[in-house]
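1. sequence first, predicted coordinates after that:
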Amino acid sequence: MIQYYTKKILLIFPIIIMTTSSLFSQLPGWRTVIDRDGNRFYIDTRGKIWTSGHPGNSYHIVSADGLDYYLNQGIELIRERHIPEGLTLLKSVLALPQNDDRIFHAQSRAAAEINRLKRREGQRFQKYEETSSLLLTRADSIVTITNTRMKYSLTIPFQVTLIRKKVRQRYNYRYSGILFGIIFKKPEPGQHNTHERFDALLAIDSEEFKSLLTHVKTLEKHRENLLGRDMYTRTSIQSKDDMSIYRITAGGSFHLHGFEGYFIKEQLGHLVRIVAPEKLSPDNEKKIILFLRNVKY
């Protein structure tokens, strides 16, 4: 009989939690807050911040404008066992430039929560660490894309939206592919990640090999052997042993314009490609070449 009632209580308990969550904005004295990044959360009469604790469908670009939300949502996601999503937010908070005391205190709390998670999860933490390797942060209008597992980082002066990401792994090989949509126009506050149409696409393909890559041409040849000859005409802009940058165009029915960069370090190789259906303005071309030249790998 006790077991029966225990099961009934366990079935009812999630409903109570869901109902309570839906009533946050209606509780007496509670305030609904929408920050400059468009995130919605609640503050109770004691000043405590309440977030949903659910991952949602979008990938957050963490900034100081939504710091309170990102920190508390990251903590709440981990409590609700959405550990990769929560850990990603907390690691992104740690990756923000430390410009003031508010960010410093948020980073201290994020570090404490991550250390607590590491102690609790033990050997499982390494798996969560790898599945939370893609970090997106923004300072002013500059977005930084960092992959802690594939060891690259790049800053881009445009609005970006994550479209998809893919990871494949087998013995002595790992692949990570990420696709972003890009809007060239500088967004208004609170308007990030709201566009359905993009001015260009940004693809980042990273591979970790068994053996060392000794020259960037090795990676270029590997990509050609893997995918076959493509439709692009390439004009070299810069070339060194460990990196090369090209202007790329495609004629025919595609009329694509853009740039691509190849980067190698030890066993890692990265291809960063940005393409647009229209000819790029001189100003945007300069910005793209600059961010490709400043890729950290």
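-> Alright, I've got the coordinates.

2. run through the stretch 151-297 of the chain and note the low-pLDDT ranges.
-> Where the stretch 151-297 of the chain drops to pLDDT under 70, the residues are 187-196.

3. cutoff 50 now
-> By pLDDT under 50, the low-scoring segments of the stretch 151-297 of the chain are 193.

4. where do the strands sit along it?
-> Using DSSP state E, counting those that start in this stretch, the strands assigned to the stretch 151-297 of the chain run over residues 152-156, 159-170, 173-183, 200-208, 233-239, 243-250, 256-265, 268-276.

5. I'd like to know how many residues surround the closest residue in space to residue 186 that isn't next to it in sequence.
-> Among residues not flanking residue 186 along the chain, residue 141 sits closest, at 5.3 Å (C-beta to C-beta, 6 or more residues apart in numbering). (Each C-beta comes from the backbone N, C-alpha and C, glycine too.) Close neighbours of residue 141, defined as other C-beta atoms under 10 Å, add up to 12.

6. what of residue 226?
-> Applying other C-beta under 10 Å, we find 9 residues neighbouring residue 226.

7. kindly report the same for residue 66.
-> Residue 66 has 22 nearby residues by other C-beta under 10 Å.

8. so who does it touch?
-> Residues in contact with residue 66 (C-beta atoms under 8 Å, 6 or more residues apart in numbering) are 35-39, 60.

9. thinking again about what came up before, wait, the residue nearest to residue 186 sits on residue 156?
-> No: between residue 141 and residue 156 there is no contact under C-beta atoms under 8 Å: 9.8 Å.

10. list the contacts for residue 279?
-> For residue 279, the contact set (C-beta under 8 Å, 6+ apart) comprises residue 257.

11. typed the wrong thing, it's residue 114
-> 87, 90-91, 94.

12. next, residue 210: phi, psi?
-> phi -70, psi -40 (degrees, to the nearest 10).

13. any idea how far it lies from residue 109?
-> As judged by C-beta to C-beta, to the nearest Å, residue 210 and residue 109 stand 40 Å apart.

14. which stretches of the stretch 1-150 of the chain have low pLDDT?
-> Applying pLDDT under 50 to the stretch 1-150 of the chain flags the ranges 1-25.

15. rewinding a little: so which of the contacts of residue 114 belong to helices?
-> Using DSSP state H to define helices, the subset of the contacts of residue 114 located there is 87, 90-91, 94.

16. farthest-apart pair in these, please.
-> Greatest spacing in the ones in helices among the contacts of residue 114, by C-beta to C-beta: 87 and 94 (10.5 Å).

17. tell me which of these two has more neighbours.
-> residue 87 (25 against 18).

18. need the contact list for that one.
-> Contacts of residue 87 by C-beta under 8 Å, 6+ apart are 74, 78, 114, 117, 128-129, 132.

19. and which of those residues is nearest residue 197?
-> Nearest to residue 197, judged by C-beta to C-beta, of those is residue 132 at 29.5 Å.

20. would you check that that closest one makes contact with residue 77?
-> No: the criterion here is C-beta under 8 Å, and residue 132 misses it with residue 77 at 10.6 Å.

21. need the overlap of contacts for the two.
-> What both residue 132 and residue 77 touch, as defined by C-beta under 8 Å, 6+ apart, is the set residue 85.

22. so between those two, which is more surrounded?
-> Neighbour totals were compared for residue 132 and residue 77, and residue 77 leads with 24 against 21 (other C-beta under 10 Å).

23. burial count for the residue lying closest to residue 55 once chain neighbours are set aside?
-> Excluding its sequence neighbours, the residue lying closest to residue 55 (C-beta to C-beta, 6+ apart) is residue 85, at 4.3 Å. Residues near residue 85, counting by other C-beta under 10 Å, number 19.

24. residue 85 and residue 76, how far apart?
-> On the measure of C-beta to C-beta, residue 85 and residue 76 end up 10 Å apart.

25. can you pull the contacts of residue 222?
-> Residue 222 neighbours (C-beta under 8 Å, 6+ apart): 207, 269.

26. at 10 Å what do you get?
-> 207, 209, 213, 262, 269, 271 (C-beta atoms under 10 Å, 6 or more residues apart in numbering).

27. over to residue 117?
-> Taking C-beta under 10 Å, 6+ apart, we find residue 117 in contact with 75, 78, 83, 86-87, 90, 124-125, 128-129.
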